[in-house]
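Undergrad: here is the input, now give the coordinates:
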Amino acid sequence: MKRYVTGFNGLRTIGVLTVILYHLWPNHVQGGFLGVVLFFVLSGYLVTDSLLREYERSKKINIWKFWGRRIKRLYPLLISIFLLVTPYIIIFQPNLWAGLRSNFLSAVFSVQNWWQISQGSSYFADIAGASPFKHIYYLAIEGQFFIIWPLLLIVLLKFVKKRGRIFIIANVLAILSAILMAVLFVPGADPTRVYYGTDTRFFSLMMGASLAFIWPLNKLSHKVNKRATKIAWQLTIGLSLVLLVAYIFMPAQGTFTYYGGMWLASLASVILVALVAHPSLPANKLFSNPIFEYIGSRSYGIYLWQLPVFAFAEAKVLAPTSWYNLIWQLALILILTELSYRLIELPTQHFDYSNVLEIVQNFIREKGWKLKKNIGPMILSGLILISLGFIIFSPPSPHDQRLIEEKIMAQQVALQKKQLAEANNKVPLSLKTVAEKYEIQPVVAEKASQMNVLALGDSVMVAASTNLQEVFPHMYIDAAVGRQAESLATDLTNAKAKMPNPDAYLIGLGTNGTIKADEIEAAMKVAGNKPVYWMNIHADRVWAKPNNNLLTKTAKKYKNLKIIDWNKKASGHNAWFYSDNIHPKGTGAEEYATLVANSLIKVAK
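TA: A predicted model of the protein is given here:
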């Protein structure tokens, strides 16, 4: 019989809380994504331990029963969330309806991580709007592990037999996966491929699985001497602190993370799981308390519900991460989790699916047509069918959806490479060609070619960066996907190290969130008396209009702050943009650069 370890719910609590904190404040809890690593390690250990105990009892592993248990545990809530979230999408955020069928089917067939890779989706940047389902990549990786690993385990138990040797083989496979992550990772590029890939994330699950061969849950000694207890206590505290530092400071897109950092976090998690699993060591008590027990027992629901709530709040609420908005969002997540736990998770885990067809037939034959007595079930069934219909018949993703992200990310990589070389080494196009292409007077092109402009922006500026540097060959551009205004003063100060004395500043921020007055004021202090030009926001976002109003208002306070009205210029020109109507392409990117040139350089007409 499996031994129940209360401390595991404590580890689940830590895992889900760090993921939530990462989704809320990715710039402050940089390594919160490592909570998923802890989930992987724990899942690999518990699943493998369970399979090994079954093999010891019967000398075989019933694959079908194992898969059936996994389906009963994971799928009812997963499918229910799609069905419950879809009506909200249809009514309030129809832009997320496109591609919902592919999103749903890829989740059901446990290939959503590969589907997201094929779409060119970025886990680290909401270029085309926040997705309420992108976190399901985790379930897809686990689902593929649950399919492949039991089959491989049967082969290993039959032919290798000795647990020590299987432990070594499992860790060799894990190391190969970690090496593949390092090989496929490209510094400076978006790491979504290696982050989503089953082949490059397999090592965390395998490291947890390997632990089961040398640390079986039901065979751990209850007798431990005082010295071992003391060492275990020190190790528990030390590893907890190491992981805490990693959760806060390990950057999600940093080179160290993919060159062994995630493997080290997995190793620390493996040792911590082993310490918690032991019945006579203090780690289990450290992670056992009523709060951890409650959150940990519902961690699956919390994990699934958190991103839909956060994504919808981000799209509809000003300052979604302010404390007063966070209170109701977290409360809503807990309410939805508790309801789904009691009404979906618990009942479906104990439901006998073998006679579903018979139950439906009996209901229709005996009660189904008695409308008055069964109005509730019939309405519920109708709503489920309607929601499922909206999913199945959803339109495909916009044909350029992948192009949006691939193009912008590629341009950001090109921009980062360009910053490594000196601007003077580049040979610009002739001034006449530039003037003709951008429909500006030759004198404007001449003056632009001589200006030193320091530009700071987000993905909109990234999309137009090539065009900006055709017009302003000496412009230094520090633009990044997903950048917000909260770190504007710091980012501007860092950028000044590359161009200490610019002729002017160009800022293009506000697409990704609310701008605050004190953030603008801090940036103006950094700029000093130099002219500052700020591109206002053209985006279908709830914060766009307040941001533009604040910029206009603040410009009245500073003589050297000028607002470039990109929103007015771009309105009504949908053909200038990708399907999100935010990121300029082709003519739109050229018009963006033209507007900047004519705004920074005034000449008599």
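
Undergrad: how about the helices of the stretch 251-400 of the chain, start to end?
TA: Using DSSP state H, counting those that start in this stretch, the helices of the stretch 251-400 of the chain run over 255-256, 262-277, 283-286, 290-297, 299-316, 323-340, 346-349, 356-362, 375-392.

Undergrad: include distance to Leu151 and mean neighbour count when you put these into JSON lines, please.
TA: C-beta here means a position set from N, CA and C on the backbone, and glycine is covered the same way. Converted to JSON lines, the helices of the stretch 251-400 of the chain look like this (distance: least, Cβ to Cβ, whole Å; neighbours: other Cβ atoms under 10 Å):
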{"stretch": "helix 255-256", "distance to Leu151": "34", "mean neighbour count": "13"}
{"stretch": "helix 262-277", "distance to Leu151": "23", "mean neighbour count": "22"}
{"stretch": "helix 283-286", "distance to Leu151": "32", "mean neighbour count": "18"}
{"stretch": "helix 290-297", "distance to Leu151": "30", "mean neighbour count": "16"}
{"stretch": "helix 299-316", "distance to Leu151": "25", "mean neighbour count": "22"}
{"stretch": "helix 323-340", "distance to Leu151": "31", "mean neighbour count": "15"}
{"stretch": "helix 346-349", "distance to Leu151": "24", "mean neighbour count": "12"}
{"stretch": "helix 356-362", "distance to Leu151": "27", "mean neighbour count": "11"}
{"stretch": "helix 375-392", "distance to Leu151": "31", "mean neighbour count": "13"}
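
Undergrad: looking at those helices, spot the one closest to Gly208.
TA: With Cβ to Cβ, the closest approach to Gly208 among the helices of the stretch 251-400 of the chain belongs to helix 262-277: 6.2 Å.

Undergrad: so which elements touch that closest one?
TA: If contacts are counted by 3 or more Cβ pairs under 8 Å, 6 or more residues apart in numbering; DSSP states H and E, helix 262-277 sits against helix 7-24, helix 35-58, helix 163-184, helix 198-214, helix 226-249, helix 283-286.

Undergrad: relative to helix 198-214, how tilted is that helix?
TA: Following axes from the mean of the first three to the mean of the last three Cα atoms, to 10 degrees, one obtains 30 degrees for the angle between helix 262-277 and helix 198-214.

Undergrad: quick test: name the residue nearest the centre of this protein.
TA: Among the residues of the chain, the one closest to the centroid is Tyr123, at 4.0 Å (Cα atoms, centre = their mean).

Undergrad: ok, that residue - contacts?
TA: Tyr123 sits next to 116, 134, 137, 192, 195-196 when contact means Cβ atoms under 8 Å, 6 or more residues apart in numbering.

Undergrad: if we use 7 Å, what do you get?
TA: 134, 192, 195-196 (Cβ atoms under 7 Å, 6 or more residues apart in numbering).

Undergrad: which two among the residues you listed are spaced furthest apart?
TA: Lys134 and Tyr195 (11.0 Å).

Undergrad: helix, strand, or coil at Trp534?
TA: strand (DSSP: H, G, I helix; E, B strand; the rest coil).

Undergrad: wait, it touches Trp566, no?
TA: No. Applying Cβ atoms under 7 Å, one finds Trp534 not in contact with Trp566, separated by 9.7 Å.

Undergrad: any idea how far Phe472 lies from Gly586?
TA: 19 Å (Cβ to Cβ, to the nearest Å).

Undergrad: cool, Pro26 as well?
TA: 31 Å.

Undergrad: between these two, which is the more surrounded one?
TA: Using other Cβ atoms under 10 Å as the criterion, Pro26 and Gly586 rank with Pro26 on top: 19 against 12.

Undergrad: spatially nearest residue to His583, not counting backbone neighbours?
TA: Excluding its sequence neighbours, the residue lying closest to His583 (Cβ to Cβ, 6 or more residues apart in numbering) is Ala463, at 4.4 Å.

Undergrad: roughly how far apart are that neighbour and Pro584?
TA: Following Cβ to Cβ, the distance that separates Ala463 from Pro584 is 5 Å.

Undergrad: and those two? Which one has more around it.
TA: Per other Cβ under 10 Å, whichever of Ala463 and Pro584 has more neighbours is Ala463, with 27 against 24.

Undergrad: so that one is in contact with Tyr592, correct?
TA: No. Contact criterion Cβ under 7 Å: Ala463 and Tyr592 do not qualify, at 8.1 Å.

Undergrad: between those two, what contacts are shared?
TA: Common neighbours of Ala463 and Tyr592, using Cβ under 7 Å, 6+ apart, are Pro584.

Undergrad: what segments of the stretch 51-200 of the chain are helices?
TA: Taking DSSP H, counting those that start in this stretch as the criterion, the stretch 51-200 of the chain carries its helices at 63-92, 100-108, 112-119, 137-159, 163-184, 192-196, 198-214.

Undergrad: looking at these, which is nearest to Ala539?
TA: Closest to Ala539 of the helices of the stretch 51-200 of the chain is helix 63-92 (Cβ to Cβ; 17.4 Å).

Undergrad: shaky segments in this protein?
TA: Residues of the chain meeting the criterion pLDDT under 70: 1-2, 125-130, 352-378, 398-430, 432, 603-605.
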